[in-house]
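Student: what follows is a predicted structure for the sequence shown.
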There are 2 protein chains.
Amino acid sequence: NVLSYIPPLKMAIFGGTHGNEMSGVTLVNLWTKNGAEIQRKAVEAVPFITNPKAVEKCTRYVDTDLNRAFTPENLSLIVQALVLRAQEINRIFGPKGSPEAYDVIFDLHNTTSNMGCTLILESSKDYFNLQMMNYIKVVALRIQTLCLVLLNEHPLLKYSTSRLEVGPQPQGVLRSNIFEAMRVILKHALDFIELFNEGVEFPPCTVEVFRVLERIDYPRDANGNIIAMVHPNLQDCDWEPLNPGDPMFQTFDGKTIHYQGSGTVYPTFINEAAYYEKQQAFITTRRETLVASAIKKA
Amino acid sequence: NVLSYIPPLKMAIFGGTHGNEMSGVTLVNLWTKNGAEIQRKAVEAVPFITNPKAVEKCTRYVDTDLNRAFTPENLSLIVQALVLRAQEINRIFGPKGSPEAYDVIFDLHNTTSNMGCTLILESSKDYFNLQMMNYIKVVALRIQTLCLVLLNEHPLLKYSTSRLEVGPQPQGVLRSNIFEAMRVILKHALDFIELFNEGVEFPPCTVEVFRVLERIDYPRDANGNIIAMVHPNLQDCDWEPLNPGDPMFQTFDGKTIHYQGSGTVYPTFINEAAYYEKQQAFITTRRETLVASAIKKA
């Protein structure tokens, strides 16, 4: 039972979807100027800045202050500009679901959480990306780089097929260790597509993934103000087991709030800067093993 | 030769001068709601959010996108609003230099640099603040907290008399370790003023400080684009000696750029997010010993 795909598979590399995540922005700009590093005999790979306006301002997105600085007229102009940009991206790398569409769209992100290298898979049935992530995990481990897979099933929501999060790195900062880790993961992704396009068949494999369970908010008072921080025992402990009764938050007056779930979970995206506005202190996951069918080119 | 001051000395505690530095914002908000923690018998201490608009948006300041989103008319409105705010602050805590002015204005900041607890002194001749910093350094050391003094002489430029930087903490993130460290330093500052107002005389003392020497920019190409990152050997090594020939930057194509100065310096503010726009990768300092006169209340 081997899935086959019509070659050659094409790959887009997105940076700057969030304009203050500087690793992806810097790599994509670098490869736009000089593509030698991402050139492969059998792969067409295109680097692309998705939100150049946010990159220019080094902000997550350009509409952070929509409700304050802009009139309703300006607001609708900005929404229009975003829709136009999405349509433009779909014209260049899609149309989504069509035969001309890029097969792999790798979206580069960094995070303030201590997540190391995390590949985010949008669908447990996406065997091609699952095979690619398995390949990356295995070769990365050979050079002592731990790379984990987070499964967040909503295949229709995102434009990209694979998202890479590397951390910890503050927003607006470029750290050489995060930069180099991202560069290495991208290299392995390109190598995988190169091997595939050259005709290598990948046998069925099993992949350990962490499936998103729950989004946990910060404790708040009646007015919605945060009244506690991530507990020092949990801070920076992404992917480590969190058991019922373990410290989870520390209130400003020094009380510990414990995790009350029914079993062990694996927290991640702990204390990510961008998720305060989404009312999310961390997410819980459970470990699962997925099976990917064999794949080869048609 | 004892300097005397007219008691009781008053203290203002500023947070939110930069709206995305969450430790000071959170502490000031906390103490505004419940001041028990900063109450002392002999000290009047007032917590104050300096830039509430930036705090509300969780941005460094509100005019980051002045050149883009705002018309010239709006721009001058914003400048007017900032001037009004500065005048308001001067009305409440000043007038600067007058007998009614607050004696100590402590401005709380956090940084993405690995600076630990750093007190910033604006003048080597400010013996009152130097005595206070010496007190904080010595008592902090007793609980194994290293607290350093950065000397940046420009006494007329800043409104505050003492600035505290604690790091590393990403912008827009609250970490419990940074929060607690800031809280402890503030406690010692209040204790010092309490002792002083109660009549304790502080004898002459010597204080080790790091005097700002030079601001070092990232290496750039002819178009002004950054072409290198802080070298992994220098990243997070704030306050550690940097010697001529030591690695300083790493270019995106993997070359090492070495420090070319004539002697040992002590770098700090290494890779601070907010200083990219100021074209500053880090600053160099040299170690000095300052002598502070004895002080007592008049």
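Tutor: Arrived safely.
Student: now the helices for chain A?
Tutor: Under the criterion DSSP state H, chain A carries helices at the ranges A:22-33, A:52-57, A:66-69, A:72-93, A:127-142, A:176-197.
Student: what residues does chain A put near chain B?
Tutor: Taking C-beta under 8 Å from any C-beta of the partner chain as the criterion, chain A approaches chain B at residues A:26, A:29-30, A:57-59, A:64-65, A:68-70, A:112, A:168-177, A:179, A:225-226, A:229-232, A:235, A:250, A:252, A:271-274, A:276-277. Where you see a C-beta, it was placed from the backbone N, CA and C, and this is true even at glycine.
Student: what ranges in chain A fall below the confidence cut-off?
Tutor: With pLDDT under 70 as the threshold, chain A has low-confidence stretches at A:63-75, A:155-158.
Student: nearest to A:Ala42, of the helices of chain A?
Tutor: Of all the helices of chain A, the one in closest proximity to A:Ala42, counting by C-beta to C-beta, is helix A:176-197 (3.8 Å).
Student: now that closest one: buried residues?
Tutor: Residues of helix A:176-197 classed as buried under the neighbour-count rule (16 or more other C-beta atoms under 10 Å in any protein chain shown) are A:176, A:178-186, A:188-197.
Student: tilt between that helix and helix A:22-33?
Tutor: Put simply, helix A:176-197 runs at 50 degrees to helix A:22-33, going by axes from the mean of the first three to the mean of the last three C-alpha atoms, to 10 degrees.
Student: returning to that earlier point: of the residues of chain A next to chain B, keep whichever come out buried.
Tutor: The neighbour count (16+ other C-beta under 10 Å) marks A:26, A:29-30, A:57-59, A:64-65, A:69, A:112, A:168-176, A:179, A:226, A:229-231, A:235, A:250, A:252, A:271-274, A:276 as buried among these.
Student: so which residues of the stretch 101-250 of chain A form strands?
Tutor: A:104-110, A:116-121, A:147-151, A:162-167, A:205-216, A:228-230, A:247-251 (DSSP state E, counting those that start in this stretch).
Student: tell me the domain ranges of chain A?
Tutor: Chain A breaks down into these domains under automatic domain parsing: A:2-208+A:290-297, A:216-281.
Student: okay, the ones you listed in TSV with distance to B:Glu37 next?
Tutor: Below are the domains of chain A laid out as TSV (distance: least, C-beta to C-beta, whole Å):
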stretch	distance to B:Glu37
domain A:2-208+A:290-297	28
domain A:216-281	9
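Student: nearest to B:Ser162, of the ones you listed?
Tutor: Comparing the domains of chain A against B:Ser162 with C-beta to C-beta, the closest turns out to be domain A:216-281 (23.2 Å).
Student: end-to-end on that closest one?
Tutor: Criterion C-alpha to C-alpha, to the nearest Å; first-to-last residue distance in domain A:216-281 is 6 Å.
Student: same check, this time on stretch A:41-61
Tutor: Distance between the boundary residues of stretch A:41-61 (C-alpha to C-alpha) amounts to 36 Å.
Student: how far off centre is it?
Tutor: For stretch A:41-61, the separation from the chain centroid amounts to 14 Å (computed by C-alpha atoms, centre = their mean, to the nearest Å).
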